[in-house]
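Trainee: Quick one: sequence plus predicted model below, questions after.
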Amino acid sequence: MEQHMINKFENIYKEESDAIFRFCLLRVSDREKALDLTQETFLRLWKSMLKGEEILNNKAFLFKIAHRLIIDWYRKKKSFSLESILERREDEEYDILDENTDTESLSTQAEARHLIEKINDLPSYHRTPVYLRYVEDLSPVEIGKILGISANAASVRINRGLKELKEQYEK
Amino acid sequence: MKNKNLDKGIKEIQNIKMTSLEKSQILENVLSFSVTENQPIKSPYQGFSFSFLLKNTRLAYVVAVCLIFVLSSGGLVFASEASLPDSILYPIKVKIIEPIGGVLKFSAKEKAQYESKLSIKRISEAEALAQKNKLDDVNKKKLGDLLLNHMDALNKEIDKTDDNREANKIIDNFTKEMNVRAKILDNKKSEGRKVDGNKQNEISKEKSKDQEDKHKKIIKEIRSEDLEISNVVEMNTEVMKENQKKKELEVINKEIKKEEIHNDTIDTKVEKSINKSSDNSNNERKDKNDKHKENED
């Protein structure tokens, strides 16, 4: 029984771990912190599975937990002084390198950095829906579940956010 | 061109992944967690905790239900206190609350006072109903039956009381109060009837004389019915007074008998003592006579 559960969890982990990591990295801009958040997200899933809770949509469940953990992290971060945050932001670069990174891929990641900056410049209520729709390829229904809004409201936010993103790209 | 850049950026972002080492480390960390590890350990010094019971058992629901019941019944009791015979809450007041109040009175004197209070209350309820013009046959019967019950109970309790002065006091107070109330009630009814009579006269002027006679007959019938409650009160008070008088007479007779017995015993004693004293004097005389005779000799 437990082995069956472990196998199930491993399958979910293989499929979704990179997406959750990306989602966290994009929001917190810190590789180590993103790894921590990813681990915490999967730990929560594992606890729920051990308790025997039924999860209908694993992907939506994981993104919802990650989204809430990121919000909690931002709330804790507010306790730092505003000056220190501003100082860090000037020098900060997205640490998205991994063991496979080489000189070729570095040049190709320029577009990704640019897009991440543009997505992060969007207002908070457009940022997450646009990212989840176009990068993670989630449906408006799933996005609505993650954000706690209706599918209709999610699709409205996606369209408006995409329009704004395109305008920023054209500038 | 611009959209191509967007698509390219999206694809590049999708290529951002964890390293295999990072992946395996996280998986290992997560799977090493078991439910039993994180469960709180029960303190050996922990005794009985009511708050723990409330949190972890169904006791909270039981307590909540009991509280709701108690609080709502308190409101019900309070609401029924001022209810009249035409109200839904009146049976709760008469059949539950007032008998409970009676059970809590322990001495016969207290019980008698309580019953007299209740019967006065019934009359005041009749007054209130008469004011509202709701004193119909059903309500009259209800109040009449209740009043009779209270009177019976009062009679029984007064019979049980040993203190005649207290019993007399209770009866006097009760009769005074009842007479006053009954008079007020009669006045109110007659006022009500006057108003009704005026209205009916107006109608009768418009209608024929036969109809007028019919109305008068009906009014007379109503008047005779209205006097029923005050008659019941008067009858009962008379019965109570007679009972009390009988009791007093019995007590007086007993006392007289006791005194007679006592007097008899005193008379016999006096006679005996007189006899004794006369015997003694006779003996003394005899002795004296004997002595005189001896001296003469």
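Mentor: Received, thanks.

Trainee: Burial check on A:Glu170, number of neighbours?
Mentor: Residues near A:Glu170, counting by other Cβ atoms under 10 Å in any protein chain shown, number 8. The way it works is simple: take the backbone N, C-alpha and C, and place the C-beta from them, glycine included.

Trainee: what's the spacing between it and A:Asn120?
Mentor: 18 Å (Cβ to Cβ, to the nearest Å).

Trainee: for A:Arg157, same thing?
Mentor: Using Cβ to Cβ, one gets 16 Å for the distance from A:Arg157 to A:Asn120.

Trainee: Pick out whichever of the two has more residues nearby.
Mentor: The neighbour comparison of A:Arg157 against A:Asn120 (other Cβ under 10 Å) goes to A:Arg157, with 23 against 14.

Trainee: Now do the contacts for that one.
Mentor: For A:Arg157, the contacting residues are A:125-126, A:129-130, A:149, by Cβ atoms under 8 Å, 6 or more residues apart in numbering or on different chains.

Trainee: what residues are up against the residue nearest to B:Ser87 when sequence neighbours are not counted?
Mentor: The shortest distance from B:Ser87 to any non-neighbouring residue, by Cβ to Cβ, 6 or more residues apart in numbering or on different chains, is to B:Ser80 (7.8 Å). By Cβ under 8 Å, 6+ apart, the residues touching B:Ser80 are B:87, B:89-90, B:92-93, B:97.

Trainee: Show me which of those residues are buried.
Mentor: Neighbour counting with 16 or more other Cβ atoms under 10 Å in any protein chain shown marks B:89-90, B:92-93 as buried within the contacts of B:Ser80.

Trainee: which one of those residues is nearest chain A?
Mentor: Nearest to chain A among the buried ones among the contacts of B:Ser80: B:Leu89, at 47.6 Å, using Cβ to the nearest Cβ.

Trainee: so the closest one makes contact with B:Ser83?
Mentor: Yes: B:Leu89 is within contact range of B:Ser83, at 4.1 Å (criterion: Cβ atoms under 8 Å).

Trainee: give me the number of residues near residue 72?
Mentor: Going with chain A. Neighbour tally, A:Asp72, other Cβ under 10 Å: 12.

Trainee: that answer is for a different chain, and I need it for chain B
Mentor: Other residues near B:Ser72 number 10, with proximity taken as other Cβ under 10 Å.

Trainee: what's the nearest residue to the residue sitting nearest the centre point of chain B if we skip its chain neighbours?
Mentor: The centroid of chain B falls nearest to B:Glu98 when counting by Cα atoms, centre = their mean (2.8 Å). Spatial nearest neighbour of B:Glu98, excluding adjacent residues (Cβ to Cβ, 6+ apart): B:Leu118 at 6.2 Å.

Trainee: buried ones in the helix or strand hosting that neighbour?
Mentor: If you go by DSSP states H and E, B:Leu118 is part of helix B:108-131. The neighbour-count check on helix B:108-131 (16+ other Cβ under 10 Å) flags B:108-109, B:111-116, B:118-123, B:125-130 as buried.

Trainee: Quickly find the element holding the residue nearest to B:Ser87.
Mentor: helix B:59-81.

Trainee: By mean pLDDT, flag the weakest helix or strand of chain A.
Mentor: Among the helices and strands of chain A, helix A:82-91 carries the lowest confidence by mean pLDDT, DSSP states H and E, at a mean of 51.

Trainee: Got the domain ranges for chain A?
Mentor: Domains of chain A are assigned by automatic domain parsing as A:1-85, A:105-171.

Trainee: Take these and lay them out in TSV including distance to B:Ile184.
Mentor: TSV is the format used below for the domains of chain A (distance: least, Cβ to Cβ, whole Å):
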stretch	distance to B:Ile184
domain A:1-85	73
domain A:105-171	69
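
Trainee: contacting residues around A:Lys33?
Mentor: So A:Lys33 contacts A:24, A:73 (Cβ under 8 Å, 6+ apart).

Trainee: now the strands for the stretch 101-250 of chain B?
Mentor: For the stretch 101-250 of chain B, no strands are identified by DSSP state E, counting those that start in this stretch.

Trainee: Tell me where it is predicted with low confidence.
Mentor: Applying pLDDT under 70 to the stretch 101-250 of chain B flags residues B:188-237, B:239.

Trainee: Helices along that one, start to end?
Mentor: B:108-131, B:137-160, B:164-206, B:209-296 (DSSP state H, counting those that start in this stretch).

Trainee: okay, which residue is most central for chain A?
Mentor: A:Phe23 (1.7 Å).

Trainee: what stretches of chain A score poorly on pLDDT?
Mentor: The model of chain A has pLDDT under 70 over residues A:1, A:78-109, A:171.

Trainee: and it, which of its residues are near chain B?
Mentor: A:6, A:9-10, A:13, A:17-18, A:21-22, A:25-26, A:35, A:38-39, A:42-43, A:46-47, A:50-51, A:96, A:98-100, A:108-109, A:111-112, A:114-116, A:134-135, A:165-166, A:169-170 (Cβ under 8 Å from any Cβ of the partner chain).

Trainee: what's the burial count for A:Thr38?
Mentor: Neighbours around A:Thr38, by other Cβ under 10 Å: 29.

Trainee: Report the spatially nearest residue to it, omitting neighbours in sequence.
Mentor: A:Thr38 sits nearest to A:Phe21 (Cβ to Cβ, 6+ apart), 4.7 Å away.

Trainee: what residues are up against the residue of the stretch 151-297 of chain B found nearest chain A?
Mentor: Residue of the stretch 151-297 of chain B nearest chain A, by Cβ to the nearest Cβ: B:Ala153 (64.9 Å). By Cβ under 8 Å, 6+ apart, the contact set of B:Ala153 is B:102, B:111, B:115.

Trainee: Looking at the residues you listed, spot the one nearest chain A.
Mentor: Using Cβ to the nearest Cβ, these come closest to chain A at B:Gly102, 57.9 Å.

Trainee: can I assume that closest one is in contact with B:Glu115?
Mentor: Yes: shown here, B:Gly102 and B:Glu115 form a contact pair, counting by Cβ under 8 Å, at 7.5 Å.

Trainee: Which phi and psi values does B:Asp86 adopt?
Mentor: phi -80, psi 0 (degrees, to the nearest 10).

Trainee: What separation do you get for the closest residue to it other than its chain neighbours and B:Ile120?
Mentor: In space, and not counting its chain neighbours, B:Asp86 is closest to B:Lys134: 5.4 Å by Cβ to Cβ, 6+ apart. According to Cβ to Cβ, B:Lys134 stands 20 Å off from B:Ile120.

Trainee: same check, this time on B:Ser32
Mentor: For B:Ser32, the distance to B:Ile120 (Cβ to Cβ) stands at 82 Å.

Trainee: same check, this time on B:Leu76
Mentor: For B:Leu76, the distance to B:Ile120 equals 24 Å [Cβ to Cβ].

Trainee: cool, and B:Ile88?
Mentor: When distance is defined by Cβ to Cβ, B:Ile88 is 24 Å away from B:Ile120.

Trainee: ditto for A:Arg68
Mentor: Per Cβ to Cβ, A:Arg68 is found 70 Å from B:Ile120.
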